[in-house]
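Enquirer: Fold the following.
(chains A and B)
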Amino acid sequence: MALRHFLLVYDLKAQRLVSQRDFEDGVEAAAAYAALEREYQGRDDFEVVLVGADSIETIRRTHAHYFDRTESASPYLAGA
Amino acid sequence: MPSRTQVDRAGAFLRDWWRTPVESEEEAKFDEDELGAAALILSEYRADFQNPLNKVTVGLRQFVERESSEVVVGQRLKRTPQILHKLSRFRSMRLTQMEDIAGCRAILPGGAREVAGVLKRIRRNWDVVSIDDYAKAPKSTGYRAIHVVVRRGDHPVEIQLRTPGQHDWAEAVERIAGETGYPLKDGEGPGELLTYLELVAWAISADERGEGPGPAFMEVLDRFKSRIEPLLRAR
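Expert: Numbering: from 1, shown residues only, chains lettered A, B, ... in the order given. Coordinates of the predicted model:
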């Protein structure tokens, strides 16, 4: 199983991903990560993050808050 | 690669810069070149965690495959603002002491039993530095999970093992923190919101143990929910 790497930019205000770049090489991804962070430095409404998994579908679950706005499955969190 | 001394010096310098107010006189005193050099050392230091992290993630997947019907494993390299924030919160921490620069997590659909199985495999096969059982002793925020730090070569890598309920809660907190701008994970924000989240964490955990909270508890929770609704639109 090869890992894939995803460099994400999340807009906290708009509450959505604004960019996603995919990498097969983790070291290349880490270099791109630092470069992109420099671009976004001081812009507090954006989060730049490098994640990895077998697929982006898995990241949608392990790092769900960067993706859909669907409500939590928990009845205790419904509406929050 | 920068030496550990260089890394710690860069970390201390960046921490001082991070702590000064944005666009203040003090901030203007920081030398641009020096800041750039320190940032470069930090990014090189972090990038060096990528391969050890990949190996731990792939290994963790194999352990999960043996314990669970489903493999949900992901990793991340810590964001630079989060690294600087952490250095600022824990003033005596050196950058080379930070153990969660590389992190991966598994969500185990079978719950606590599967978490225990994966933990056993980690202990049997890997060089374990520390185990924090926040399922048994939750953080004050209500956060629950088991955190394991393993050593891979020279690098610490943090592994988070979560049940679906624990994960659901943690992701909801991330989401609400992002929306409202409150650093809820640090236990900071409006008291009623923090209490509400802590109560929810307790209820989810009771549910997963098969001891669901009663109607009296739900009434309290509903009352809190109506009071925090305006807070959720703060940003």
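
Enquirer: okay, CA-based contacts and neighbour counts for the rest of this
Expert: Will do.

Enquirer: Residue of chain B closest to chain A, please.
Expert: residue B:76 (4.2 Å; Cα to the nearest Cα).

Enquirer: Now do the SS call for the residue of chain A found nearest chain B.
Expert: Of all residues in chain A, residue A:51 sits closest to chain B, at 4.2 Å by Cα to the nearest Cα. Put simply, residue A:51 is strand when judged by DSSP: H, G, I helix; E, B strand; the rest coil.

Enquirer: What residues does chain B have near chain A?
Expert: Contact residues, chain B versus chain A (Cα under 8 Å from any Cα of the partner chain): B:43, B:47, B:50-51, B:54, B:58, B:72-80, B:105-107, B:165, B:168-169, B:171-172, B:174-176, B:178-179, B:200, B:203-204, B:221, B:225, B:229, B:232, B:235.

Enquirer: List only those of these flagged as buried.
Expert: The neighbour-count test (16 or more other Cα atoms under 10 Å in any protein chain shown) applied to the residues of chain B next to chain A identifies B:43, B:47, B:50-51, B:54, B:58, B:72-80, B:105-107, B:165, B:168-169, B:171-172, B:174-176, B:178-179, B:200, B:203-204, B:221, B:225, B:232 as buried.

Enquirer: Correct me if wrong: residue A:54 contacts residue A:1.
Expert: Yes - judged on Cα atoms under 8 Å, residue A:54 makes contact with residue A:1 at a distance of 7.0 Å.

Enquirer: which one of those two has more residues nearby?
Expert: The neighbour comparison of residue A:54 against residue A:1 (other Cα atoms under 10 Å in any protein chain shown) goes to residue A:54, with 19 against 8.

Enquirer: can you pull the contacts of that one?
Expert: The contact partners of residue A:54, by Cα atoms under 8 Å, 6 or more residues apart in numbering or on different chains, come to A:1-4, B:74.

Enquirer: mind checking the backbone torsions on the residue of chain B closest to chain A?
Expert: phi -150, psi 150 (degrees, to the nearest 10).

Enquirer: Not counting its neighbours along the chain, what's nearest it?
Expert: Using Cα to Cα, 6 or more residues apart in numbering or on different chains and skipping residues adjacent in sequence, the residue nearest residue B:76 is residue A:51, 4.2 Å away.

Enquirer: hey, what's that neighbour bridged with?
Expert: Note on residue A:51: beta-bridge partners by DSSP bridges are residue A:6, residue B:76.

Enquirer: Distance check, it against residue B:9.
Expert: Taking Cα to Cα, to the nearest Å as the measure, residue A:51 falls 27 Å from residue B:9.
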